[in-house]
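Chemist: predicted coordinates and the sequence they were generated for:
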Amino acid sequence: MSFGYYLRSCAGLMAAAIFACGSPNLRAASATTADDTQPSGPPVHAVLTSPPNVPPPTNRKKPAKVIVELEVREVEKEISEGVRYTFWTFGGTVPGSFIRVRQGDTVEFHLKNHPDNKMPHNIDLHGVVGPGGGAASSFTAPGHESQFSFKAMNQGIYVYHCATAPVGMHVGNGMYGLMLVEPPEGLAPVDHEYYVMQGDFYTVGKYREKGLQTFDMQKAIDEKPTYVVFNGSEGALIGDHALTAKVGERVRLFIGNGGPNLVSSFHVIGEIFDRVWYEGGVHYQQNVQTTLIPSGGAAIAEFKAIVPGSFVMVDHSIFRAFNKGALAILKVSGAENKLVYSGKEVDSVYLGDKAKDLRVVSQATAAAQQGTLTLEQQVKAGESLFSGTCSVCHQPNGKGLEGVFPPLAGSDLLAKDPHRAQQIVLNGLSGPITVNGKTFNSVMPPMSQLNDDELANILTYVTHSWGNSGYRYSAAELAETRKKTARPPGAAE
Ligand SMILES: [Cu+2]
């Protein structure tokens, strides 16, 4: 039994048939694992791909000898705009290269450890039956290569990862990827196959603190990640790197979770998975909203793109999406279908500051560090951040909402004392206030999760917009206010 088989034979069956349909092992136990067939034909070199790409189907009717060559590389890359991190990788990317073989294949696995690397590494493939999933045979020092062979016994989608001590640190630095073992008859054809893998990262610096960041062992032990991201960085699958599809096309996602710690509640906002082969096995569930991907586990999810728009993939443990980076985009293009969905596309609802330009934000921070920050850079960065954090209440035009949210545009309160605004954004505000002759009595939550650079830029944008006073704020000033005043209980530092 296989993924492909189910697609053809099980779809649309009545409830009475579902038991038999969903229980292949009862009927044909041997078909989910390889038999004793020997590999035939000349050896094949596996095509490895970098995320989000998936190698083409093997299109083989018989098992073959397949040679996989995977090189470990320790590389410095961006984990967020302006934030660098030294990742340890299989094949130069996080997640590592996607490996695709067929059930029954005999895989000759070559693990190379690049001579410039500092660490020894190995590989534990969850799709391998044998001690350590190969880890016991693949310990490899820098500049060396190991070789071992295994038979791909069971079909499914499997995580692989490094298992060299300290294991959590190797996994936490990005050493994981996926291997697909196709069923003998292959998977049913679809229009797009994508490779998406979640991981949690632990840096000494705070979320979005710029510069080269190092691994924080204590945060990792405490399971308090600084970043939770898809495909190794906050920007891996947004903007120009978003996944794409057209209306009417079928999309298959191979979703993995490298951990090292967190379980993922994987969800695509505005889509419903027609089928999910949960836990990477042969059974599928239908009509799934959110699927759980364990650390060290994977699943296959399929759906058809029906209406156009930006579909946001998240870990629905939602602070991870909006405050730690676990957010990716599938951009579907094509004609509207008003019968299915009447509304217009509103990116800003879920994209927040990510819908705007993160680059201008990090440019401003970099310039501030070098002491070259111009007013224009500050205002641009502030505009981008304002749209993500303040505009929901104060409105994109700064006019607020009658009786609910006070205006920032032409606010006499702001003009009277621009310094006070620093305390308001850091510590929040409640109780009655009067702005331009109108009374408001509501609550503004503290925005202290934003850093001093970000707050200075937002406020500078506000004072330089909509006919306001023109006061220019500095990060140093915000830092001073942060130090001198107290956050209410529960606010972020
Ligand atoms: Cu390693």
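Modeler: Cool, the structure landed.

Chemist: all helices for the stretch 1-150 of the chain, in order.
Modeler: With helices called from DSSP state H, counting those that start in this stretch, the stretch 1-150 of the chain shows them at 3-9, 15-21, 24-27.

Chemist: okay but residue 270 is in contact with residue 312, surely?
Modeler: Yes: Residue 270 lies in contact with residue 312 (C-beta atoms under 8 Å); the separation is 7.5 Å. C-betas here are computed from N, CA, C, even on glycine.

Chemist: so which bits of the chain are right by the ion?
Modeler: By C-beta under 5 Å from the ion, the residues of the chain that approach the ion are 121, 162, 164, 170, 175.

Chemist: which ones are touching the first one?
Modeler: Contacts for residue 121 were tallied using C-beta atoms under 8 Å, 6 or more residues apart in numbering; they are 72, 88, 111, 113, 139-140, 162, 164, 170, 175.

Chemist: just to revisit the earlier point, look at residue 270 and residue 312 and report which has more neighbours.
Modeler: Ranked by neighbour count (other C-beta atoms under 10 Å), residue 270 and residue 312 place residue 312 first, with 23 against 15.

Chemist: so that one touches residue 268, yeah?
Modeler: Yes: between residue 312 and residue 268 there is a contact under C-beta under 8 Å: 7.3 Å.

Chemist: any idea how far residue 148 is from residue 217?
Modeler: Residue 217 sits 30 Å away from residue 148, going by C-beta to C-beta, to the nearest Å.

Chemist: what's the closest non-adjacent residue to residue 432?
Modeler: Among residues not flanking residue 432 along the chain, residue 441 sits closest, at 4.3 Å (C-beta to C-beta, 6 or more residues apart in numbering).

Chemist: residues contacting the one you found?
Modeler: 431-433.

Chemist: next one: residue 135
Modeler: Residue 135 makes contacts with 122-124, 163-164, as judged by C-beta under 8 Å, 6+ apart.

Chemist: would you list the residues you listed in a markdown table and tack on neighbour count and pLDDT?
Modeler: Listed next are the contacts of residue 135 as a markdown table, based on neighbours: other C-beta atoms under 10 Å; pLDDT from 0 to 100:
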| residue | neighbour count | pLDDT |
| --- | --- | --- |
| 122 | 25 | 95 |
| 123 | 29 | 97 |
| 124 | 23 | 97 |
| 163 | 21 | 95 |
| 164 | 22 | 93 |
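
Chemist: any weak-confidence spans in the stretch 101-250 of the chain?
Modeler: Applying pLDDT under 70 to the stretch 101-250 of the chain flags no residue at all.

Chemist: before we move on, back to that, so which of the contacts of residue 121 are in strands?
Modeler: Members of the contacts of residue 121 lying in strands (criterion: DSSP state E): 72, 88, 111, 113.

Chemist: count the residues that sit near the first one.
Modeler: Put plainly, it is residue 72. 26.

Chemist: pull the distance from stretch 130-141 to the chain's centre.
Modeler: Relative to its parent chain, stretch 130-141 has a centroid offset of 29 Å by C-alpha atoms, centre = their mean, to the nearest Å.

Chemist: list the buried residues in it.
Modeler: 133-135, 137-140 (16 or more other C-beta atoms under 10 Å).

Chemist: likewise for stretch 248-266?
Modeler: 249-266.

Chemist: got the phi and psi for the closest residue to residue 143 other than its chain neighbours?
Modeler: Nearest-residue entry for residue 143: residue 115, 3.8 Å, with adjacent residues in sequence omitted and distances by C-beta to C-beta, 6+ apart. When read as degrees, to the nearest 10, the backbone of residue 115 gives phi -60, psi -30.
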